[in-house]
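>>> Would you be able to build a 3D model of this:
(one chain, ligands or ions: 2)
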Amino acid sequence: MGMYIFICGKNTILRITLLLLFLLVFVSGCYNSGLDFLTEDILPALCPLLAETTSIIKDIFKSNTIEDGPITSDLLSECVRCGREISRQKTKRGNQLVNSGITLDVYPPGLMHFFPPSLPTDVKKASAASQEILAATKLMQMRIASSGATPNTFLSFLEHQVIRIQDGSSCKPVHITCHNSKYRSIDGTCNNQRRPAWGRSGAPFTRIATPRYADGIYTMPVAKSGRPLPNPRVLSTQMFSDQQIASRVFNYMNMQWGQFITHDLMLQVMEATDEGGIQCCLGEGVEVLHSEWQNDNCIPISVPEDDPFHRYHGIKCLNLVRSVTTPRDDCSLGYAEQMNTVTSYLDGSPIYGSDKKLASRLRSKSGGRLRQETRENCKRGFLPSVDNKSAVCDLRNTTEPCYLAGDVRINQTPTLALLQTLLLREHNRVADILASLNPLWPDEKIYQEARKIVIAEIQHITYQEWLPLNFGESYYRYYRISPSTLYSHDYNEDVNAGVINGFGAGAFRFLHSVIPDSIMTCPWSYHAAYLYKLSDHYFNPSLLEYSSESFDDVVRGIIAQPCNEADPFCTEEITNHLFKSRNHWGLDLIAMDIQRGRDHGIASYNDYREICGLTKATTFQDFSGEISQDRINALAQMYESVDDVDLFVGGAMERSVHGSMLGHTFQCIVAEQFYRTRIGDRFFYDNAEMPHSFTSEQLQQIKKASMARLICDNTDRVYYVQRRAFEVENSFNPKYSCDDYNAIPYVDLTTWRAPTLFDL
Ligand code: HEM
Ligand SMILES: [Ca+2]
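Ligands and ions are numbered 1, 2, ... in the order given. Model (predicted):
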């Protein structure tokens, strides 16, 4: 027997058997993303032993070990076994939903490509293990709460007492053996020799604040009152409207470098089922799916009836899915941590890859070079093509380019692909020079040395050029960089260079506000400029290859074009048209930033104020030292309590501190991150007295690297660049000829000539 349900848009007809419907109704009442479903009613079915445990747990703090306290190993293993069962049921249900027709197929390619259709095996395994542990934590919390203690009692207990899961779980504690290598590993392991798992791809994001999950473990946060937090789409339209104010200083390349280093430091991925990507909306977004048909990982953004934009398109739901979580390295019980699927070190991972298999695919295996493709009438190479173009790009036909690089986001915008192409060319340029200086060096040696040089250049440009420009010269001292000395001695193996969750799912995303609405191109003659709307070019980098001149035209354009001011105004290209493809509407990046912060349990703005040395507010007026009156009023209108304000929203409202584009709270988080990224990296380029350190002659050369030189050396016909290439051209920052090595110094690699034949 079957039943038909009509889902609007794209002639989608869902055929769901009554049996399945029954199952969904039964199960979905139980399964919500936060495990709230674990009511006593269903426990007996899934976990008989646990449900029968009725002994009253009086004072868990009296126990020092699992064995001598009320948390017996029997209770633990039952929670683990049951948590595993629950996690399996969730997976099964997710697959069934997709098989019954709740898929992403209704979307145009741009939107579809954003939601992963599947997860790599290791990510999937870690996610499943982490879901088991979260369910086990929740079960134990419930057992303890049933004895009269508050849910927080157990969580504070966990802060003092580590409960590790040993048997019966799919989680295996991370053990990594290191071999002494002169070079960074591809996956970031063994950078820290005492804690080899720190900063690796697949590591959990780190935290500097206790998360604000509603249940302390994994459920989406709610307001202090218990009511829902303000709708992220409403916050986006009300507080981040489109009023483009062009920067008078920074150019588009400055924004582009920011996105590139973001991609180097982090990638959070959304959950998927074994059968395909997760759809949380009805049809193309006409409604939020009824909870009975929602995957447990759904966190769709609902759009109100009176939305200033979507009401004209009948859109009431923007799809969004929870990020993959991962167990702690020791498999201990506790709240959810999200997974960073790339290396946290600033190590060129978007160019080289974050896993060995991809890294190897990207190499040409000769002369230390990376694979590149040639194009007629272009001297320099282009990124290699991806195998299955239509699976990752939004092309009109397959003759259009779609690239492969070390990072999956490579085709997101043409300008991201452009910057990565410049860096690919830089690697091959350096490799060729090294090969000619050292004709006996094998491929591996040239690859590793060229990679080391390119990473050093990226670190130098980021720390000496980009960070001080954007966040103020006084921040030199925070990053512990001294422009006047050659080496530094700051490496500290107690510092974890892992990415702080509040940085990735909060502070650094504020720079989404600087994204301009278009990409400018500028021909060789400089006689004209053309503007291309960003939203017409998501997932399609062909703008770089319209003709053999195009690549250089875009370079000239984006170093001339200003980006937007860092302020709470954002272009509709990202708030209404993100990844829109052939549709008239798209996703909302700002609403997504807010929802993502909640998904990751990012502590509130008020908590971060306190961490960053400001007074914790008790009234909205207490924000007045950092936030202007009209913005305080707007916050007070949107939020019930000062403690409810999301980090992303509160931080964005702050006035910027002197010399920086950020307010006090974001500045503090960003400074802390870049401090850790530098101090916690054993291979940081200017570290002294390490077996792998550059010689002083080499380091002197590396320190000549600049954005301007990177452009000069890796374009065919860009002959003039302003010396400070992250800033627009003006009388204080005029263009210089690339041949003028005084104005735009050249990194001379002759000191890499090996002194003896034996130094291979
Ligand atoms: C055209 C330019 C850009 C576009 C289209 C874009 C788009 C996106 C998208 C779609 C996400 C994932 C959202 C989610 O699922 O939660 C994201 C994440 C992020 N973006 Fe951007 N972005 C751009 C530029 C930037 C810039 C300039 C910065 C900072 C300098 C930045 C910082 C971040 C950060 C920190 C994340 C979180 C990354 C992660 O953990 O995976 N983005 N961006
Ligand atoms: Ca990295």
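
>>> Would you mind naming what in this protein lies close to ligand 2?
264, 343, 347, 349 (CB under 5 Å from the ion). No exception for glycine: its C-beta is placed from N, CA and C like everyone else's.

>>> Enumerate every residue touching whatever residue of the stretch 551-700 of the chain ends up closest to ligand 2.
Of all residues in the stretch 551-700 of the chain, Thr677 sits closest to ligand 2, at 9.2 Å by CB to the ion. The neighbours of Thr677, taking CB atoms under 8 Å, 6 or more residues apart in numbering as the test, are 265, 344-346, 497.

>>> On the three-state scheme, it is what?
Under DSSP: H, G, I helix; E, B strand; the rest coil, Thr677 falls in the helix class.

>>> any weak-confidence spans in this protein?
Residues of the chain meeting the criterion pLDDT under 70: 1-70, 147, 481-482, 756-760.

>>> Which secondary structure state is assigned to the residue positioned nearest the centre of it?
Ranked by distance to the mean C-alpha position of the chain (CA atoms, centre = their mean), the top residue is Leu267 at 3.6 Å. Here Leu267 is recorded as coil under three-state DSSP.

>>> so it makes contact with Met339?
No: using CB atoms under 8 Å, Leu267 makes no contact with Met339, being 9.0 Å away.

>>> which SS state does the residue of the chain found nearest ligand 1 fall under?
Closest to ligand 1 within the chain is Gly258: 2.6 Å, counting by CB to the nearest ligand atom. Taking three-state DSSP as the rule, one finds Gly258 in the helix state.

>>> Next, work out how far apart it and Ala149 are.
Gly258 is 46 Å from Ala149, where distance means CB to CB, to the nearest Å.

>>> and those two? which has more neighbours close in?
More crowded of Gly258 and Ala149, by other CB atoms under 10 Å: Gly258, with 21 against 18.

>>> Tell me who's in contact with that one.
466, 470, 508, 511, 514.

>>> what's near enough to touch Val721?
559, 708, 711-712, 735-736, 738, 744.

>>> between the residues you listed, which is nearest Ser604?
Distance to Ser604, by CB to CB, is smallest for Ile559 among these, at 39.0 Å.

>>> Which strands or helices does the helix or strand where that closest one lies pack on?
According to DSSP states H and E, Ile559 maps onto helix 550-560. For helix 550-560, the elements it packs on are strand 246-251, helix 252-265, helix 414-437, strand 518-521, judged by 3 or more CB pairs under 8 Å, 6 or more residues apart in numbering; DSSP states H and E.

>>> Put together CSV for the contacts of Val721, with neighbour count and secondary structure on each row.
Below are these laid out as CSV (neighbours: other CB atoms under 10 Å; DSSP: H, G, I helix; E, B strand; the rest coil):
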residue, neighbour count, secondary structure
Ile559, 27, helix
Ala708, 25, helix
Ile711, 23, helix
Cys712, 22, helix
Lys735, 19, strand
Tyr736, 18, strand
Cys738, 19, coil
Ile744, 25, coil
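
>>> Tabulate the residues you listed in CSV, adding columns for distance to Arg596.
Formatted as CSV, the contacts of Val721 follow (distance: CB to CB, whole Å):
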residue, distance to Arg596
Ile559, 31
Ala708, 35
Ile711, 33
Cys712, 38
Lys735, 40
Tyr736, 42
Cys738, 41
Ile744, 39
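
>>> Nearest to ligand 2 among these?
Using CB to the ion, the contacts of Val721 come closest to ligand 2 at Ile711, 22.5 Å.

>>> Hmm, the closest one is touching Thr421, no?
No: with contacts counted by CB under 8 Å, Ile711 stays clear of Thr421, the gap being 11.4 Å.

>>> Next step: the contacts of Thr677 restricted to helices.
Using DSSP state H, the subset of the contacts of Thr677 located in helices is Leu265.

>>> sorry, back to before: please identify the most buried of the helices and strands packed on helix 550-560.
Each of the helices and strands packed on helix 550-560 was scored by mean neighbour count; the highest is helix 252-265, a mean of 24, by mean count of other CB atoms under 10 Å.
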